[in-house]
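A.B. asks: test case, fold it:
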Amino acid sequence: MGRSGVRSGDEAARDGGSTGSTALLPRLLAFPARFAPPRHASNPRVALVIVTACSLNAGCLLFGFVYVAQGDYLVAGLTLGAGLVALGLIPALRFFSSLAPAVHVLAGILTALLATTEVLIGGPNPSNLVFLAVTPIAALFAGGKAAGLSWLLITWLVVGALLVAERLGWIPSCSADIANDALGIPVVIGMVFGFAYAFDRLQARLAGALEEARRRAEASSARRGDMLASMSHELRTPMNGVIGMTHALLQTPLSPEQRSMVETIDGCGRSLVDVISDILDVEQIDRGLVSAADDVIAPRVVAEAAARVLAPSAAQAGLELTVTVDDGVPAWVRGDGTRLRQILVNLVANAVKFTPAGLVRVRVTREGEQLVFRVRDDGPGVDPALIPRLFQPFATGATPSPRGKGSGLGLAISRKLAGVLGGTLELEERGPGAVFALRLPCVPAAAPAAPDMAAVFAHDGHYVLVVEDNLVNETVARAFLGSAGATCRVCRNGEEAIERAMHERFDVILMDLLMPGIDGAEVTRRLRALGCRTPIVAMTASVRPEDRARCLDAGMDDFLSKPLTLETVGHVLSRFAPSVGAAERSPAPALRDPQAP
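C.D. replies: Sure thing, here's the model as predicted:
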């Protein structure tokens, strides 16, 4: 959560992956490509075709005005007509499914017009005949090598026919040295076409290189995402045991000293889970897989909840942590309370980290149509040289902190999450005493119905099937379900889970995803195919949006991420288990748990 930063590898690759030479051509062609018809917008050749057509039009206009000034109105009309035909290439593309047929048709018209012009101006002119090289170049750009070579051959034939007709006296000659130029004209046309062909091959090679770089970047991003997801899963699984067992230990009689030590373990465990979540969030946000929830939240409650998380750290550092909510702030607004709390926790943690002594203040105000959360500290402030890198990932730079460095992800993730929520996060004052301002849309909402918290933790008589192959996770699930008042039965593989779910009655099934043999998603699909309608909730350390989507597609009803907490387990039972007490239910089937001793 540092206040300085370094460039991430992905950003460096995006900025430096192409040199000036490789990036110049796409930039030059970006403007003409805007005029391409939608059906050809993805064709990389369309910009070159448009440039060629516009160049030919400009040349014809120039020569046309020259002929008008000379009083040769027929030639001027034909020349201007050729320019209009060239310009008509662009709208004509709308009526062709590909570029090549359009260019073949217009190339024929242009060749005929230019050849006729040469005859009417008094015979073939060497400088004007070279102008015919535009036709094969346009065909090359639009239709590729075969089309370009075809029109180069046709152009040579036209030039040859004009030269032969001039030698035979069928048409007048406008050049005394036309015989000496008879060989040079086709050679010059061929040279011009050769340069155009080389340019086209360069463009195609650069396009291929850029496409290959894009594919490699996407593959690298996917591999990174898979690695982070695997790492998150492997870390969350043991952390589920750490947090679950510390919670269970806190429910037992402990001396004040023992309770303090266990609470420290619990706090450190939750901090580690937050770091794991931050690392995964960076990847998910970069891939556009994080969206904002649309809930009814209380700004005061969220701000105070974020402050309570850091209150022990602030007290240990001798800092005073305060939360102030102005009177104009609505009691309830629409927003994503979880993401808002995550941002505020990061900002307050940063303030606590960089404040040697004094106050850390959180203030919530309403400014027009915006809800503003300001976090102010009494620290030394931010070095101006570090401000440009302040919100970059993995920033753990040189700003001194009396309490060590963080992961370098807090500010980067917070700014990205602010964007996901439709707001902004900025450094408003750099210090002394830094001020970070989070601005979000303020949409007032009616107060929601008050939840029945007693029902969340009162589930006597409810029967839950836990499908889990890990002994530690099984123990944690048993502890939380027991604390909520529910009775738990456990299966450790998919086949046994299907057998039990179809022959016993359960209120809820908590299903692990990764198990030996049949995984949780496949177990769910088979149960749904067999007609099982018992609510099934995923219970997994895989927390990516695609993991959640896979669970829901398989027929699961909800998604419970590890590490588990008593609150999350209680809310799941309240949502899916029937609201009846033990006295109103018949007893569970008297079948022995095969995993019981």
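A.B. asks: need the strands for the chain, in chain order.
C.D. replies: For the chain, strands defined by DSSP state E occupy the ranges 295-297, 319-325, 333-335, 358-367, 370-377, 424-429, 435-441, 463-467, 487-491, 508-511, 536-540, 558-561.
A.B. asks: please identify the deepest-packed of those strands.
C.D. replies: The highest mean neighbour count among the strands of the chain, using mean count of other C-beta atoms under 10 Å, belongs to strand 508-511: a mean of 28. For glycine as for every other residue, the C-beta is placed from the backbone atoms N, C-alpha and C.
A.B. asks: so what touches that strand?
C.D. replies: 462, 464-468, 477, 497, 501, 520, 523-524, 534-539, 556, 560, 572-573, 576-577 (C-beta atoms under 8 Å, 6 or more residues apart in numbering).
A.B. asks: so where's the stretch 351-500 of the chain uncertain?
C.D. replies: 393-409, 449-460 (pLDDT under 70).
A.B. asks: okay, helices next: where are they in it?
C.D. replies: For the stretch 351-500 of the chain, applying DSSP state H, counting those that start in this stretch gives helices covering 410-420, 453-456, 471-483, 494-503.
A.B. asks: mind checking how far residue 170 is from residue 575?
C.D. replies: Distance, residue 170 to residue 575, using C-beta to C-beta, to the nearest Å: 94 Å.
A.B. asks: residue 361 and residue 220, how far apart?
C.D. replies: 42 Å.
A.B. asks: want to throw the helices of the stretch 351-500 of the chain into CSV with distance to residue 157?
C.D. replies: Shown next, in CSV, are those (distance: least, C-beta to C-beta, whole Å):
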stretch, distance to residue 157
helix 410-420, 61
helix 453-456, 88
helix 471-483, 81
helix 494-503, 75
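A.B. asks: tell me the most buried of these?
C.D. replies: helix 410-420 (a mean of 22).
A.B. asks: for residue 470, which residues are in contact?
C.D. replies: Applying C-beta under 8 Å, 6+ apart, the residues near residue 470 are 237, 512.
A.B. asks: make it 6 Å
C.D. replies: Residues near residue 470 by C-beta atoms under 6 Å, 6 or more residues apart in numbering: none.
A.B. asks: one more: residue 132?
C.D. replies: Contacts here follow C-beta under 6 Å, 6+ apart; on that basis residue 132 touches 114, 155.
A.B. asks: and it, what's its pLDDT?
C.D. replies: Listed pLDDT for residue 132 reads 71.
A.B. asks: the one 5 residues further on now?
C.D. replies: The predicted local confidence for residue 137 comes out at a pLDDT of 73.
A.B. asks: go on, residue 502?
C.D. replies: The per-residue pLDDT of residue 502 was computed as 89.
A.B. asks: gap between it and residue 510?
C.D. replies: Taking C-beta to C-beta, one finds residue 502 at 17 Å from residue 510.
A.B. asks: one step back: okay, the strands of the chain in TSV with distance to residue 70 next?
C.D. replies: Formatted as TSV, the strands of the chain follow (distance: least, C-beta to C-beta, whole Å):
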stretch	distance to residue 70
strand 295-297	78
strand 319-325	83
strand 333-335	74
strand 358-367	70
strand 370-377	68
strand 424-429	64
strand 435-441	67
strand 463-467	92
strand 487-491	96
strand 508-511	88
strand 536-540	83
strand 558-561	81
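A.B. asks: how about the ones you listed, which one is nearest residue 251?
C.D. replies: Closest approach to residue 251 among the strands of the chain (C-beta to C-beta): strand 487-491, 16.2 Å.
A.B. asks: and the closest one, what other elements does it pack with?
C.D. replies: Packing partners of strand 487-491 (3 or more C-beta pairs under 6 Å, 6 or more residues apart in numbering; DSSP states H and E): strand 463-467, helix 471-483.
A.B. asks: name the strands paired with the first one and say parallel or antiparallel.
C.D. replies: Sheet pairing for strand 463-467, assigned by DSSP bridges, gives strand 487-491 (parallel), strand 508-511 (parallel).
A.B. asks: can you tell me what sits against it?
C.D. replies: 477, 481, 486-491, 497, 506-512, 588.
A.B. asks: what does the longest one give?
C.D. replies: When contacts are taken as C-beta under 6 Å, 6+ apart, the neighbours of helix 471-483 outside the stretch itself are 240, 241, 244, 248, 464, 466, 468, 488, 490, 564, 566, 569.
A.B. asks: at 8 Å what do you get?
C.D. replies: Here helix 471-483 makes contact (C-beta under 8 Å, 6+ apart) with 237-238, 240-241, 244-245, 247-248, 251, 457, 459, 464, 466, 468, 487-488, 490, 492, 510, 512, 539, 562-566, 569, 573.
A.B. asks: tilt between it and strand 536-540?
C.D. replies: 130 degrees (axes from the mean of the first three to the mean of the last three C-alpha atoms, to 10 degrees).
A.B. asks: how far is helix 471-483 from where the chain is centred?
C.D. replies: 37 Å (C-alpha atoms, centre = their mean, to the nearest Å).
A.B. asks: now residue 65: how far from residue 54?
C.D. replies: Computed as C-beta to C-beta, the residue 65 to residue 54 distance reads 17 Å.
A.B. asks: more crowded one of the two?
C.D. replies: Set residue 65 next to residue 54 and count neighbours by other C-beta atoms under 10 Å: residue 54 wins out with 17 against 13.
A.B. asks: separation between the more buried one and residue 83?
C.D. replies: For residue 54 relative to residue 83 (C-beta to C-beta), the value is 10 Å.
A.B. asks: what of residue 410?
C.D. replies: According to C-beta to C-beta, residue 410 and residue 83 sit 61 Å apart.
A.B. asks: show me where the stretch 51-200 of the chain dips below the pLDDT cut-off.
C.D. replies: Ranges of the stretch 51-200 of the chain meeting pLDDT under 70: 52, 96-103, 106, 117-118, 120-131, 138, 141-143, 171-197, 199-200.
A.B. asks: give the residue farthest from the middle of the protein.
C.D. replies: The outermost residue of the chain, judged against the average C-alpha position, is residue 169 (70.4 Å), by C-alpha atoms, centre = their mean.
A.B. asks: what values do phi and psi take at it?
C.D. replies: With angles defined as degrees, to the nearest 10, residue 169 sits at phi 80, psi 10.
A.B. asks: for residue 159, see how far away it is.
C.D. replies: 18 Å.
A.B. asks: make CSV out of the helices and strands packed on strand 487-491 and add distance to residue 550.
C.D. replies: What follows is the helices and strands packed on strand 487-491, written out as CSV (distance: least, C-beta to C-beta, whole Å):
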stretch, distance to residue 550
strand 463-467, 16
helix 471-483, 20
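A.B. asks: to residue 206, which of the ones you listed lies closest?
C.D. replies: Of all the helices and strands packed on strand 487-491, the one in closest proximity to residue 206, counting by C-beta to C-beta, is helix 471-483 (52.4 Å).
A.B. asks: got the CA positions of the closest one in PDB?
C.D. replies: Extracted C-alpha coordinates of helix 471-483, given in PDB (Å, rounded to 0.1, in the frame of the first residue of the first chain):
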ATOM      1  CA  LEU A 471     -10.200 -32.700   6.800                       C
ATOM      2  CA  VAL A 472      -9.300 -29.200   8.000                       C
ATOM      3  CA  ASN A 473     -12.000 -27.600   5.900                       C
ATOM      4  CA  GLU A 474     -14.400 -30.200   7.100                       C
ATOM      5  CA  THR A 475     -13.600 -29.400  10.700                       C
ATOM      6  CA  VAL A 476     -14.100 -25.700  10.100                       C
ATOM      7  CA  ALA A 477     -17.500 -26.300   8.400                       C
ATOM      8  CA  ARG A 478     -18.600 -28.500  11.300                       C
ATOM      9  CA  ALA A 479     -17.600 -25.800  13.800                       C
ATOM     10  CA  PHE A 480     -19.400 -23.000  12.100                       C
ATOM     11  CA  LEU A 481     -22.500 -25.000  11.400                       C
ATOM     12  CA  GLY A 482     -22.500 -26.200  15.000                       C
ATOM     13  CA  SER A 483     -22.200 -22.600  16.200                       C
END
